[in-house]
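Colleague: Make a model of this:
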Amino acid sequence: MIHDCWASYLSYDYCGHGLCGAHLLRELAFIADADGYAWARNLKCLLQQTCAVVSRRKRKKLNAREYAKLQKLYRNILTRGDKELPTIPPRQNGKRGRIAKSDAHKL
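Modeller: Residues are numbered from 1 along each chain as shown. This next block holds a predicted model:
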């Protein structure tokens, strides 16, 4: 099931879940523009480039070597992004519930 990651969709059992590419690109563009995060811009670019390569192919897929390279680039971008994001503040004593996270942290 491909969706926009709305929380209630994740409760559906007996199906695989995937994030809609258009929604993901829109979220990355917003974070890159609003917050100026390089990791979001780089990830958006990587996804668009990969999509362009795959869309030109008859079989519409990457080979094993290309997929391994994509995973390595993806992890590298996320590692750099982790360093770019501010730390999430710890829960204050006596406070209940989840700690509010930025859109960039959630993504």
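Colleague: Look up the pLDDT of Tyr31 for me, please.
Modeller: Wrong residue type there; residue 31 is Ile, not Tyr. On pLDDT, Ile31 comes in at 93.
Colleague: Please read the previous query as pertaining to Glu84.
Modeller: 93.
Colleague: Could you do Ser8 as well?
Modeller: Ser8 is assigned a predicted lDDT (pLDDT) of 81.
Colleague: likewise Lys101?
Modeller: Note on Lys101: pLDDT of 78.
Colleague: Run a quick neighbour tally on it.
Modeller: 12 (other C-beta atoms under 10 Å). For every residue, glycine as well, the C-beta is placed using N, CA and C.
Colleague: Strands of the chain, residue ranges please.
Modeller: 2-3, 18-19 (DSSP state E).
Colleague: tell me what the first one is packed against?
Modeller: Okay, so that is strand 2-3. Strand 2-3 sits against strand 18-19, with contacts defined as 3 or more C-beta pairs under 8 Å, 6 or more residues apart in numbering; DSSP states H and E.
Colleague: How far off centre is the strand it packs on?
Modeller: Offset of strand 18-19 from its chain centre (C-alpha atoms, centre = their mean, to the nearest Å): 10 Å.
Colleague: Noted, bye for now.
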